[in-house]
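**Q** could you look at this predicted model? Sequence included:
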Amino acid sequence: MDEKISTYSIIKKFLQNISCSPLRITISMVATFLNKLLDFLPEMFIGMSIEIVTQKQDSLFFKYFPYPVKTQLLIFACITIIAWILESIVEYCAKYSWSMLALSIQHNMRIKLYEHIQSLDLSFFEENHLGKITSIVIDDVNHLERFFDRSLMELLKLIFGSIIALVIFFIISPFITLFMLVPVPFIIFLSRFFHQKLAKLYAQTRTQSAIMLSHIATSIAGILVTKSYVSEKKELQTMILEGEHYNRLNYAVIKTRSLFIPSVRTSIVIAFVGSLVLGGYQVSEGTLSVSLYSILVMMTQRFLWPFTELPKITDTYTKTMASLRRIVAIFHKKGKITDGSVELQPKTMRGDVIFHNVSFSYPSNIHVLHNISFSIPAGATAAFVGSTGSGKSTIAKLLLRFYDPDNGVISIDGIDIRSFTIDSLRGAIGYVNQDPFLYDTTIKENIAYGTPHSDFDDIIRASIAAGAHTFVTTLEDGYETGIGEGGQRLSGGQKQRIAIARALVKASPIFIFDEITSALDNETETFIQQSLNEIIQKKHTTIIIAHRLKMVQSADIIFVLDKGNIVETGTHQELMQRDGIYKKLWES
């Protein structure tokens, strides 16, 4: 996921996905400019007050307000108060506008990123750790919000303030203005130098942070195994090592960042002292008034001191770019599964399934299926059996188009499944795997997950057919019972029955049951077998993938796979009469 992407590509992709109103951005920038403009007025007012006191009737202010000095000072005081109030109002507007803009960018980016992640192929999730993906969606997107909420406004203030100050400086003394600009190239050089060093370090810290998050998520998810094998100390030691590595990377960041600020301040102090001395010389020679000199001195600090914030702004910018690079890297990932244009209609489809000369290998170049062909008539029950790794579950993934075959054609009702829209194809197939995932909500909502508009009567019927209704009605809250994260409050058999009910409520023409009893006890397996028999009797096209052969005895046809090839085909009775793999599996 971590790939080299140009800064231009990063910014371009970011702008394409923020979905912010240009008017809102314009308002934020205008408010920031006005805030900075009003921020310079106090220094100007102090200089003019000094001129009123020292020059009296000869002051510039007296030409427009020919009043006594005390009256002029009172007028100026009132103007100053009004300016400060206006500045406070505009500053509030600027901060509020940027904060709202930052929240909008954060929300839009996270939603679009999540939407894009959902569109990616299954291989993306198999190749990337959950913790890493979660870290990008949560932490990295949060970095964007922090940059736009604080740092970008400070950067614009620095730019606007520098422009306003230089204009005032140039009007007062062009020579001193040129001297003031001397440290600016050095500051820009330092910023670029430290940015490049920090960018590499921040990329490493973000990657290590994702590794730590992934370890924590995995460790907590497997806490039952950890405790049963008394491996708490082992997991803790791993966490300590990962944390120490994370700290070492951050020590390097702190060391580099700490050098940045003193370097910038040193260059600023040199320019500040130089302007004081040069300005003082001009006053002593009579080429600069005391009032303008006072403005110059205060404006020098106002111009240069904000540059001390540049290291912080650069630091935040570097963090943000490291996060944005990881975000854009996901946006650059494209799914290989292309959507078709034909809508598969479940109500009118028959359910014939044909694999013709299908070969498949996973992205890791593991060859799983080798030129296999078979057909399943509509309404028939087909079973796939074989040893672990023989390619049984891969057949289900191909039919659902989680992957596309390397060669060959898979068709439903004589039409290549690549012609169908992915949503309509998967909507026509009810799928239950060996490790059912349930959401942290009620039993009712879990059963209706794929069909949220299902009537409660439909949910009850599906639950009865799956053998779940009896145990659900014994619960205090019945179908409104919360089952906890991953269904942790239910037993393995209960979770499996809920998963089967979830598939049944779709009333799909095709059902796939993938190793659904592999981890269940014999009693629960019997219940599940009875549920499957009821489904089979309703003449759905049913595909059963099983390691336990008890599940497949009543199948219309059984395919035996070995090392990615179909080596035997027949009914249970036919296969038992042969001295082949199926009979050996049955007798083992």
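**A** Yep, that arrived.

**Q** can I see the domain layout of the chain?
**A** Domain segmentation of the chain under automatic domain parsing yields 7-19+106-331, 353-587.

**Q** nearest spatial neighbour of Asn357, skipping sequence neighbours?
**A** Taking C-beta to C-beta, 6 or more residues apart in numbering as the measure, Asn357 lies nearest to Gly408, with 4.2 Å between them; neighbours along the chain are not counted. Heads up, the C-betas are built off the backbone N, CA and C, glycines and all.

**Q** in its sheet, what does the strand or helix carrying the one you found sit against?
**A** Gly408 belongs to strand 407-412 when assigned by DSSP states H and E. Each strand that pairs with strand 407-412, with its direction, by DSSP bridges: strand 353-361 (antiparallel), strand 415-416 (antiparallel).

**Q** can you pull out the strands in the stretch 251-400 of the chain?
**A** If DSSP state E, counting those that start in this stretch is used as the criterion, the strands of the stretch 251-400 of the chain fall at 353-361, 367-376, 381-386.

**Q** deepest of those strands, which one?
**A** Stretch with highest mean neighbour count among those: strand 381-386 (a mean of 24; mean count of other C-beta atoms under 10 Å).

**Q** what angle separates it from strand 353-361?
**A** Put simply, strand 381-386 runs at 20 degrees to strand 353-361, going by axes from the mean of the first three to the mean of the last three C-alpha atoms, to 10 degrees.

**Q** strand 381-386 to strand 367-376, inter-axis angle?
**A** With the same axes, to 10 degrees defining the directions, strand 381-386 sits at 160 degrees from strand 367-376.

**Q** list of residues touching strand 381-386?
**A** Contact with strand 381-386 is made by 353, 374, 376, 392, 395, 536, 541-547, 549, 551-552, 554-562, 581-582, 585, as judged by C-beta atoms under 8 Å, 6 or more residues apart in numbering.

**Q** try 6 Å this time
**A** Strand 381-386 is contacted by residues 376, 392, 395, 536, 542-546, 552, 555-562 when judged by C-beta atoms under 6 Å, 6 or more residues apart in numbering.

**Q** which residues does Phe160 contact?
**A** Phe160 neighbours (C-beta under 6 Å, 6+ apart): Phe33, Lys36.

**Q** follow-up on the earlier one: run a quick neighbour tally on the residue nearest to Asn357.
**A** Look at Gly408: counted by other C-beta atoms under 10 Å, it has 17 neighbours.

**Q** I'd say it and Ile354 touch.
**A** No: Gly408 lies out of contact with Ile354 (C-beta atoms under 6 Å); the separation is 10.2 Å.

**Q** next one: the residue nearest to Val358 when sequence neighbours are not counted from Ile512, what distance?
**A** Excluding its sequence neighbours, the residue lying closest to Val358 (C-beta to C-beta, 6+ apart) is Gly408, at 3.5 Å. For Gly408, the distance to Ile512 equals 19 Å [C-beta to C-beta, to the nearest Å].

**Q** swap in Ala199?
**A** 47 Å.

**Q** more crowded one of those two?
**A** Between Ala199 and Ile512, Ile512 has the larger neighbour count (other C-beta under 10 Å), namely 25 against 18.

**Q** for that one, what are its contacts?
**A** With contacts defined as C-beta under 6 Å, 6+ apart, Ile512 is in contact with Ala396, Tyr431, Ile543.

**Q** quick check: beta-bridge partners of the second one?
**A** For Tyr431, the beta-bridge assignment (DSSP bridges) gives partners Ile512.

**Q** how far does stretch 288-295 sit from the chain's center?
**A** Once both centres are worked out by C-alpha atoms, centre = their mean, to the nearest Å, stretch 288-295 turns out to sit 55 Å from its chain's centre.

**Q** buried sites along that stretch?
**A** For stretch 288-295, burial by neighbour count (16 or more other C-beta atoms under 10 Å) applies to Leu288, Ser289, Ser291, Leu292, Tyr293, Ser294, Ile295.

**Q** quick check: closest non-adjacent residue to the last one.
**A** Read it as Ile295. Gly47 (3.5 Å).

**Q** and what of the second one?
**A** With sequence-adjacent residues excluded and distances taken as C-beta to C-beta, 6+ apart, Ser289 is closest to Glu51, at 7.0 Å.

**Q** per-residue confidence at that neighbour?
**A** Per-residue pLDDT puts Glu51 at 71.
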